[in-house]
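*Asks:* Sequence and predicted structure, then a few things I'm wondering about:
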Amino acid sequence: MLLLAVIFLTSTAILIGTYPVSLLLIRLLPPHRCPHPPAKELPFFCIVVAAYNEEGVIPQKLANFQQIDYPPERLAMVVVSDHSTDGTDELVKASGDPRIRLLRYEERLGKVQILNRTIPGIPADIIINTDANVVFDRNTIRNFARWFQDSQTGLVCGYEEREVPRAGGTIRGETTYRDFEVRIKSIQSHFGAVMGAHGGLYAIRRECWQELPRNSLSNDDLMTAMNVLRSGKKVYMDLEARATEITGTRISEEFKRRIRIGAGNYQVFWWHRWLLNPMRGWKSFFFWTHKLPRWFTPHLMALSFFTNLALAGEGEFFRACLLAQIVFYGLALLGAVADRLALDLRLLTAPYHFCSMNLAVLLGFLKWLKGIDSSIWTPSDRR
């Protein structure tokens with residue numbers, strides 16, 4: 001029973017420290033602001049958009065590019081068509097802007113292979129990786145430019161605000177969680193050791209780009225940030241480099257997305273085991289305290305519940321803890337029912353989203369264990 005008690009207390013303490021305690025700390029610590037003034041010598045940026053059948057959002061993306069406040073001669077965009085079969089290519093060709101180039105591949109490659117093939121041949125100082133459904137604020141690129149005055153800056157990720165329709169109540173829960181993660185990354189930015197980027201908005205020095213494994217699944221942003229950290233360069237978060245991501249309302253699509261991300265996270269865990277070495281300083285510290293507890297939250301939840309169940313007869317403390325867990329999972333179940341009935345019950349959204357998200361992460365773990373051969377997947381309908 002002693003061993004069970006140790007397992008229960010340890011797993012529960014990690015869960016509490018990972019979420020409620022972290023939430024308290026980020027409210028006490030200020031976010032990181034760029035220490036550099038506006039850049040006088042502006043670098044040349046190229047925006048890379050990997051696109052597969054994006055005719056529903058690509059016109060807005062093209063119009064947004066022309067509204068960006070940055071010297072036109074220092075900015076370009078490459079839309080890489082991943083063998084699109086709709087009107088994406090024709091819309092890009094009809095843009096009329098000589099700075100916008102269409103690059104089409106005649107086979108489905110997936111985003112990872114598109115980046116591997118395209119980025120090495122782009123003659124730009126800084127590459128911005130983004131998605132077709134992400135709309136930049138006017139000053140986003142100028143804000144990025146400030147950071148790259150420091151030669152030690154390898155990558156800067158921006159802040160993506162999600163445009164969630166009224167019907168997307170549970171997706172709003174995902175958005176709240178993402179904002180929580182953003183605040184943590186902003187704290188990590190003080191040390192130039194941000195654990196990952198947002199795939200729809202990050203800028204990387206082209207010389208820092210490293211080819212990604214062919215089977216990398218939904219993790220080009222995380223893998224790229226880790227590669228930059230391993231090279232010795234800094235990774236920062238800029239809350240003032242902003243964009244808006246247009247989302248849908250389909251919970252099933254969000255769940256599938258979370259499974260893909262979960263599987264990709266375990267790939268990163270395996271490929272970047274060097275971060276387990278505590279001698280790596282802040283990089284290792286944030287890996288241990290931020291990434292690992294989140295990636296293994298489903299395992300910790302199972303350990304906490306089942307050891308608590310076995311210890312229920314050992315005293316009032318364990319029975320009270322078990323009751324609290326049962327109430328929490330009961331609220332999550334009621335949240336699932338409310339979501340199915342399209343009821344917006346905010347009290348139930350948080351436990352339902354937390355459990356749903358971690359179930360998807362667990363399925364991603366199983367997907368990773370079975371082996372991932374391809375990085376190709378079909379994006380959801382964004383219209």
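*Replies:* Now that the structure is in, tell me what you want to look at.

*Asks:* Tell me the spacing between L24 and I16.
*Replies:* The gap separating L24 from I16 is 11 Å, by CB to CB, to the nearest Å. Any C-beta I mention is one placed from the backbone N, CA and C, and that applies to glycine too.

*Asks:* Could you grab the helix/strand/coil label for V112?
*Replies:* Here V112 is helix, with the state taken from DSSP: H, G, I helix; E, B strand; the rest coil.

*Asks:* didn't it look like it was pressed against E211?
*Replies:* No - using CB atoms under 8 Å, V112 makes no contact with E211, being 9.3 Å away.

*Asks:* Please say which of these two ends up with more neighbours.
*Replies:* For V112 versus E211, neighbours defined as other CB atoms under 10 Å are more numerous around V112 (24 against 14).

*Asks:* For the more buried one, which residues are in contact?
*Replies:* V112 is in contact with 212-214, 216, 220, 375, counting by CB atoms under 8 Å, 6 or more residues apart in numbering.

*Asks:* Make CSV out of those and add pLDDT and neighbour count.
*Replies:* As requested, those are exported to CSV (pLDDT from 0 to 100; neighbours: other CB atoms under 10 Å):
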residue, pLDDT, neighbour count
L212, 95, 20
P213, 94, 14
R214, 91, 13
S216, 92, 24
D220, 93, 23
S375, 78, 24
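
*Asks:* Tell me which entries of those residues lie within strands.
*Replies:* Counting by DSSP state E, the contacts of V112 place none of their members in strands.

*Asks:* Which two of the residues you listed have the greatest separation?
*Replies:* Spanning the widest gap among these are R214 and D220, at 11.8 Å by CB to CB.

*Asks:* which residues of the stretch 151-300 of the chain fall in helices?
*Replies:* 169-188, 220-231, 251-271, 282-286, 292-295, 297-310 (DSSP state H, counting those that start in this stretch).

*Asks:* and those, which is most packed in?
*Replies:* helix 220-231 (a mean of 22; mean count of other CB atoms under 10 Å).

*Asks:* what's the distance between the residue nearest to N227 when sequence neighbours are not counted and S95?
*Replies:* Spatial nearest neighbour of N227, chain neighbours left out: Q210 (4.5 Å); criterion: CB to CB, 6 or more residues apart in numbering. Applying CB to CB, the value for Q210 to S95 is 31 Å.

*Asks:* thinking again about what came up before, what residues are up against the residue nearest to N227?
*Replies:* If a contact means CB under 8 Å, 6+ apart, then Q210 has 224, 227, 231 as its contacts.

*Asks:* picking up where we left off before, TSV for the helices of the stretch 151-300 of the chain, including distance to R101?
*Replies:* Below are these laid out as TSV (distance: least, CB to CB, whole Å):
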stretch	distance to R101
helix 169-188	31
helix 220-231	21
helix 251-271	29
helix 282-286	36
helix 292-295	38
helix 297-310	42
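
*Asks:* Pick out the shakiest of these, pLDDT-wise.
*Replies:* Mean pLDDT across these is lowest at helix 169-188; the value there is a mean of 75.

*Asks:* if we can go back for a sec, of all the contacts of V112, which comes closest to F65?
*Replies:* Nearest to F65 among the contacts of V112, with distances taken as CB to CB, is D220, at 21.0 Å.

*Asks:* Where does I47 fall, secondary structure wise?
*Replies:* Here I47, judged by DSSP states H and E, is contained in strand 45-51.

*Asks:* Run me through the strand neighbours of that strand, direction for each.
*Replies:* strand 75-82 (parallel), strand 126-130 (parallel) (DSSP bridges).

*Asks:* deepest of the ones you listed, which one?
*Replies:* strand 126-130 (a mean of 24).

*Asks:* Tell me which residues touch the residue nearest to F287 when sequence neighbours are not counted, please.
*Replies:* Take F287 and drop its neighbours on the chain: the residue closest to it by CB to CB, 6+ apart is L275, 4.0 Å away. Applying CB under 8 Å, 6+ apart, we find L275 in contact with 226, 229, 283-284, 287.

*Asks:* Among the contacts of V112, which one lies nearest to G262?
*Replies:* Using CB to CB, the contacts of V112 come closest to G262 at S216, 13.7 Å.

*Asks:* for A263, what are its contacts?
*Replies:* Counting by CB under 8 Å, 6+ apart, A263 has contacts 217-218, 364-365, 367-368, 372.
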